[in-house]
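# Got a predicted structure here, sequence first:
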Amino acid sequence: MKRIMLKAKIHPARVTETDINYEGSLSLDEELITAADMLPYEKVHIYNVSNGERFSTYLIKGEKGSGKVGVFGAAARRARVGDTLIIVSYVILDEEETEFFMPKILLLGTDNKIAQIK
């Protein structure tokens, strides 16, 4: 049997920019992408704590060390600058793999810098 498991979680990320006219995606500081074991163009799910919206998109690499979190394209209608987001990715594992699998959990400070990794 296969299981869909949480692979990575970044929380709380604060939106620093939006642009409705950009090609749709989520721009994330490259340091966060690397620390969360995510990849550019990987599908991510976004849970907007500020307004309750939930949507999925893909990652694009943002400027390393910038702390920027950008929501672009149609997704920009679901978030505003200052909103708090939870960003997650999932992985499909065989039943045996779940016994030892642990997701990466990144807790961020108000500047979108890593405060703790669990």
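Structure's in. What do you need?

# residues in contact with residue 72?
18-20, 22-27 (C-beta atoms under 8 Å, 6 or more residues apart in numbering). From N, CA and C alone the C-beta is placed, and that goes for glycine too.

# Could I get the contacting residues of residue 15?
Contact analysis of residue 15 by C-beta under 8 Å, 6+ apart lists 69-71, 79-85.

# That one - nearest residue in space that isn't next to it in sequence?
Distances taken as C-beta to C-beta, 6 or more residues apart in numbering place residue 83 nearest to residue 15, at 4.6 Å, with adjacent residues excluded.

# you'd agree the one you found is up against residue 14?
Yes - if you go by C-beta atoms under 8 Å, residue 83 and residue 14 touch, sitting 7.1 Å apart.

# ok, what's across the strand from residue 92?
Residue 92 has these beta-bridge partners by DSSP bridges: residue 4.

# from the contacts of residue 15, which two are the most distant?
Greatest spatial distance in the contacts of residue 15: 70 and 84, 14.8 Å, computed using C-beta to C-beta.

# returning to what we had before: next step: the contacts of residue 72 restricted to strands.
Applying DSSP state E to the contacts of residue 72, the entries found in strands are 18-19, 25-27.

# Check these for the minimum pLDDT and say which it is.
pLDDT across those is lowest for residue 25, at 91.

# and that residue, bridged to which residues?
Assigned bridge partners for residue 25, using DSSP bridges, are residue 72.

# residues contacting the closest residue in space to residue 77 that isn't next to it in sequence?
The spatially closest residue to residue 77, leaving aside those adjacent along the chain, is residue 20, at 6.7 Å (C-beta to C-beta, 6+ apart). Residues in contact with residue 20 (C-beta under 8 Å, 6+ apart) are 72-74, 76-77.

# I'd like the distance between residue 20 and residue 43.
Residue 20 sits at a distance of 21 Å from residue 43 (criterion: C-beta to C-beta, to the nearest Å).
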